[in-house]
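Asker: pasting the structure only:
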């Protein structure tokens, strides 16, 4: 069993959400600005009469969520404390700062706390005359029942489609319809080699033995489908890709975007070795890899491991996926 | 003292350099292709009569070096085993595959093994009639004497200028002159919280106590300037930025590119918190931050920690820095 202490370069651990957000805004080169008094940001230069796309959730998954605020992606973000849903007042403040009179689409992962807080915010905004629609991302196939699935790295895939649709000045119902379709077409699964630690806690949120991994672990350390002895990269990638392909299913001739997402502590070397095998497997299936993303997109602090995401791009989604975007975390 | 074992998702550890490169080529979306039989890549579609820019060094620093092969950056890369210089035959094979009749600029970090192997390759290429020039990047101010300094994340800054100059069809002497200037204008320093492990070894290359960090550690674990008790992020970032500023020196009115580079195991959260403080300090100095990069650009496997790089952009370097580029690791 690993015996080690979390070790990070931080300041006051209470200030992590605010400080990381300040660092992100500084890095964004003017793509976004802070909503004063709240852990929230809005994109600069949102066009008039555009539907607003807001992404949100707990801090600690950097660059998710605020790193996706920018042209062609999110117009606003609302962040909670580490691994904690943003409260309704933060969500409302972000919407008020971004609103252009055409309503807002909420994009977030399907977690009880987020569901509750975004629903409360939606009700209060409706009283103000700001209509909203919601897409709860459910890409994590570690849970069998689709409606119970968590949202993990697939959030960014759903956001990409929604953000592109909003940029094309589609109305709220249409942006929502496309986001639902994007979510329906997206599947993810992860593997973790180690736990993660939260700045306000002394230890790790669980332990994995030196010779064990957990398949399907969530991005807050939620239970996966199985703990097992360590295997090779090719073995675990094969199991994940085969599970993803069987779930949708993805089949020969389908075009997909492939995302190898670092949960935090994996080396880029490991991500690339995973990508090599994922390409081999998808090629064998006759699945066309339209785009490949490899890096830290939706993390779980220093958790070692990665997730693999596939989004099927049909003729309607493909041009939205290919539309340009500009944010800290994703540029096309 | 931390007691833990390295834990990574790999296949045969002997195959890591080849497999990561295959994964990278798969992720590059056609930006590059392999040089058959060698751990080397060349960019597709190198224009005729262009000076070739080749970047190289040991594997294990992913996405450095091959991740920078692409338009406006490197035309070729040559990789050695993990943390080991590429042998002359790899370098020569990469040059032969990329050569467009106008010579080659070698860009690599100043390490004894790289210096020797690239010099041998240069001699052999000269016999073949392929002229070369060399820039040894020396950005790491952890060593006092400039000519003895190591090349770390600053490699990518020097490469950016050289690649842009080559793309503008400048001749070899001019590309070299600009690369020398870029190196003269670039300074880096790192901080490490933990060691890293190599796939073929059982343990870590050293240990750091749970309450210690090392300032100025190199990207292979080379000794830094000081081991000390852990401090806050703001304290260590302040020391690094002040040392960087004093070294060039960078002063009020200077325009810089700022790079916060993950050595591997730091969270994106920590990188952003470091970026926040770096921006504050540079703003206080009156230094103009022209561009900010935050992420994993030059890593040391799972080493926790980060380096900070500043490159001064004068009127000649600025347009070269701003020129578009397209590679796995850097797109502008």
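Answerer: Cool, the structure landed. These numbers come from a predicted model, not from an experiment.

Asker: where does chain A have low pLDDT?
Answerer: A:1-4 (pLDDT under 70).

Asker: the domain parsing of it - what is it?
Answerer: Domain assignment for chain A by automatic domain parsing gives A:13-184, A:187-313.

Asker: can you put those in TSV and add distance to chain B and mean neighbour count?
Answerer: In this view, the C-beta of every residue, glycine as well, is placed from N, C-alpha and C. Below are the domains of chain A laid out as TSV (distance: least, C-beta to the nearest C-beta, whole Å; neighbours: other C-beta atoms under 10 Å in any protein chain shown):
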stretch	distance to chain B	mean neighbour count
domain A:13-184	3	22
domain A:187-313	3	21
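
Asker: Reformat those into JSON lines and put distance to residue B:275 next to each item.
Answerer: Putting those into JSON lines (distance: least, C-beta to C-beta, whole Å) gives the following:
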{"stretch": "domain A:13-184", "distance to residue B:275": "4"}
{"stretch": "domain A:187-313", "distance to residue B:275": "14"}
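
Asker: who's in contact with the nearest residue to residue A:222 once chain neighbours are set aside?
Answerer: By the measure of C-beta to C-beta, 6 or more residues apart in numbering or on different chains, the closest residue to residue A:222 outside its immediate chain neighbours is residue A:150, 6.8 Å from it. Shown here is residue A:150, whose contacts under the criterion C-beta atoms under 8 Å, 6 or more residues apart in numbering or on different chains are A:109, A:110, A:111, A:138, A:139, A:140, A:142, A:143, A:218, A:219, A:222.

Asker: Quick one: neighbours of the closest residue to residue A:72 other than its chain neighbours, just the number.
Answerer: Nearest in space to residue A:72, with sequence neighbours left out and distances taken as C-beta to C-beta, 6+ apart, is residue A:325 at 3.3 Å. Residue neighbour count, defined by other C-beta atoms under 10 Å in any protein chain shown, stands at 21 for residue A:325.

Asker: Going along the chain, name the helices of chain A.
Answerer: Here chain A has its helices, by DSSP state H, at A:16-27, A:88-98, A:112-127, A:154-167, A:172-184, A:233-247, A:268-285, A:317-322.

Asker: out of those helices, nearest to residue B:6?
Answerer: helix A:268-285 (11.4 Å; C-beta to C-beta).

Asker: That closest one to helix A:233-247, inter-axis angle?
Answerer: With axes from the mean of the first three to the mean of the last three C-alpha atoms, to 10 degrees applied, the angle from helix A:268-285 to helix A:233-247 works out at 50 degrees.

Asker: other SSEs contacting helix A:268-285?
Answerer: helix A:233-247, strand A:255-262, strand A:288-295, strand A:305-312, helix B:16-27 (3 or more C-beta pairs under 8 Å, 6 or more residues apart in numbering or on different chains; DSSP states H and E).

Asker: Distance to residue B:24 for the contacts of residue A:150 - can I get that in JSON lines?
Answerer: Written out in JSON lines, the entries for those read as follows (distance: C-beta to C-beta, whole Å):
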{"residue": "A:109", "distance to residue B:24": "30"}
{"residue": "A:110", "distance to residue B:24": "33"}
{"residue": "A:111", "distance to residue B:24": "34"}
{"residue": "A:138", "distance to residue B:24": "31"}
{"residue": "A:139", "distance to residue B:24": "25"}
{"residue": "A:140", "distance to residue B:24": "27"}
{"residue": "A:142", "distance to residue B:24": "28"}
{"residue": "A:143", "distance to residue B:24": "32"}
{"residue": "A:218", "distance to residue B:24": "28"}
{"residue": "A:219", "distance to residue B:24": "25"}
{"residue": "A:222", "distance to residue B:24": "31"}
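
Asker: Take those and keep only those in strands.
Answerer: Among these, the residues falling in strands (DSSP state E) are residue A:109.

Asker: With respect to residue A:36, which of the helices of chain A lies nearest?
Answerer: In this view, the helices of chain A are compared for proximity to residue A:36 by C-beta to C-beta, and helix A:88-98 is the closest at 8.7 Å.

Asker: still on that earlier bit, residues in contact with the residue nearest to residue A:72?
Answerer: In this structure, residue A:325 makes contact with A:70, A:71, A:72, A:73, A:160, A:163, A:164, A:331, A:332, judged by C-beta under 8 Å, 6+ apart.

Asker: Enumerate every residue touching the nearest residue to residue A:29 once chain neighbours are set aside.
Answerer: The spatially closest residue to residue A:29, leaving aside those adjacent along the chain, is residue B:292, at 6.5 Å (C-beta to C-beta, 6+ apart). With contact taken as C-beta under 8 Å, 6+ apart, residue B:292 is in contact with A:26, A:27, A:29, B:257, B:258, B:259, B:260, B:275, B:279.

Asker: Then residue A:9?
Answerer: Applying C-beta under 8 Å, 6+ apart to residue A:9 gives the contacts B:191, B:193, B:213, B:230, B:232-233, B:236, B:266, B:270, B:273-274, B:305-306.
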